[in-house]
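[1] 3D model of this:
(one chain, ligands or ions: 2)
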Amino acid sequence: MTKLTLTAPAKLNLFLHINGQRDDGYHELESLFTMLDFGDELTFELSDYDDIEISGDVQGIPKEDNLIYKAASALLPRRRVKKGVTVHLTKHLPMGGGVGGGSSDAATTLLALNTLWNCQLSLSELANIGLQLGADVPVFINGKTALAQGVGEQLSSFEQAHKWYLVVAPGVHVSTAKIFTDPALPRDTPKLKAPWSMTETRNDCEELVKKLYPEVEKTLTWLLKYAPSRMTGTGSCCFAAFDDEQTAQRVLQDMPSSWQGFVAKSASESITHKQLATWLNKEK
Ligand SMILES: C[C@](O)(CO)[C@H](O)COP(=O)(O)OP(=O)(O)OC[C@H]1O[C@@H](n2ccc(N)nc2=O)[C@H](O)[C@@H]1O
Ligand SMILES: Nc1ncnc2c1ncn2[C@@H]1O[C@H](COP(=O)(O)OP(=O)(O)OP(=O)(O)O)[C@@H](O)[C@H]1O
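    Ligands and ions are numbered 1, 2, ... in the order given. Model prediction:
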């Protein structure tokens, strides 16, 4: 039976600027996305039953709302192999934490089923389908460190020195929609003009989220004692950047036990793309 296991990596927004708001309510952003070498694990197995099944860590998400199910359903009309699929999910990424776990699961599902169902869609066709599922899905389809503009769908490659990141989930859930509809969110950061440097960047959601969720403020204050730190996306996860793994792991050991955290390295290319290439080579 055809079986494929892939990692759906976390992303970090190394900065996030909000430049304005469109008539449909979505925000114009500039954000530097990097992929981490850590994520959820998804196993795809073709089945003779003509349906989409999801097993594993899916508690709390009705099947039809699961982004894995939505992604698989979006590809159904394009499949050239009349088989169903069972997807087994092992969740490692905090949900609604700003590390893009749901979007990454969706992108990984599109990439896997494009191969297993022989849909023969290009990455840009997959990214267009993914954008209907979430603003961050195209970033994971692209699978590279990238500067995102527009609502997150206009991507340009970007070279960035790789670091080790300690990512801390303070245990509070921040609703992206709530932050983006708050009148107090700044929406007027001027677009970056080349050449720009990381020192002139920030996360425009950070001050508002810190005010609404004191645990996020506490997390950032604690991380900043050790290394340059920021919030990712609309939170609640925050990250600190280190030059080496040992220091990041040492700080993780010191972390208050009410928080959860992991240490991961940034990667130029998404681990999903590397694993898929290896699998395809073996199948040839
Ligand atoms: C801000 C980021 O976290 C940066 O990575 C993402 O762009 C958000 O991505 P996401 O969670 O996949 O977002 P979606 O599921 O598409 O949208 C959630 C909500 O966020 C708001 N939203 C999202 C992206 C964007 N560019 N402008 C917005 O205003 C919308 O109100 C939407 O209802
Ligand atoms: N497979 C899935 N994994 C995680 N969340 C999912 C999944 N399917 C649907 N969801 C829903 O999507 C919501 C957002 O999930 P996600 O983990 O992508 O948020 P996030 O890390 O804040 O992402 P972003 O940075 O893109 O805003 C969750 O609260 C959950 O209800």
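[2] ok, how many other residues are close to residue 127?
    20 (other CB atoms under 10 Å). (Each C-beta comes from the backbone N, C-alpha and C, glycine too.)
[3] no, scratch that, I was asking about residue 40
    Look at residue 40: counted by other CB under 10 Å, it has 22 neighbours.
[4] just the one 4 residues further on next, same as before
    Counted with other CB under 10 Å, residues neighbouring residue 44 total 23.
[5] heads up, I number from 33, so please use that
    From this message on, residue numbering opens at 33, which makes the last subject residue 76.
[6] How far does the helix or strand containing it sit from its chain's centre?
    Per DSSP states H and E: residue 76 is located in strand 59-79. Strand 59-79 sits 4 Å away from the centroid of its parent chain (CA atoms, centre = their mean, to the nearest Å).
[7] got a list of what the residue in the stretch 133-282 of the chain that ligand 2 sits nearest to touches?
    When scored by CB to the nearest ligand atom, the stretch 133-282 of the chain has residue 134 as its residue closest to ligand 2, at 2.9 Å. Contacts for residue 134 (CB atoms under 8 Å, 6 or more residues apart in numbering) come out as 99, 127, 128, 166.
[8] Repeat that for residue 152.
    Each residue near residue 152 by CB under 8 Å, 6+ apart is listed here: 112, 146.
[9] and stretch 152-161, does that touch ligand 1?
    No: judged by CB under 6 Å from any ligand atom, stretch 152-161 makes no contact with ligand 1; its nearest approach is 13.1 Å.
[10] For the nearest residue to residue 223 once chain neighbours are set aside, pull up the helix or strand it's in.
    Excluding its sequence neighbours, the residue lying closest to residue 223 (CB to CB, 6 or more residues apart in numbering) is residue 51, at 5.5 Å. Taking DSSP H and E as the criterion, residue 51 maps to strand 35-53.
[11] just checking, what packs against that strand?
    When contacts are defined as 3 or more CB pairs under 8 Å, 6 or more residues apart in numbering; DSSP states H and E, strand 35-53 packs onto strand 59-79, helix 133-148, helix 169-174, strand 196-201, strand 292-299, helix 303-315.
[12] so how far is it from its chain's centroid?
    Per CA atoms, centre = their mean, the centroid offset for strand 35-53 relative to its chain is 3 Å.
[13] if we can go back for a sec, are any of the contacts of residue 134 buried, and which?
    Buried members of the contacts of residue 134, scored by 16 or more other CB atoms under 10 Å, are 99, 128, 166.
[14] circling back to that earlier point, select from the contacts of residue 134 every entry located in helices.
    Among the contacts of residue 134, DSSP state H puts residue 99 in helices.
[15] ok, residue 127 touching residue 137?
    No: counting by CB atoms under 8 Å, residue 127 stays clear of residue 137, with 10.2 Å between them.
[16] Brilliant, that's me finished.
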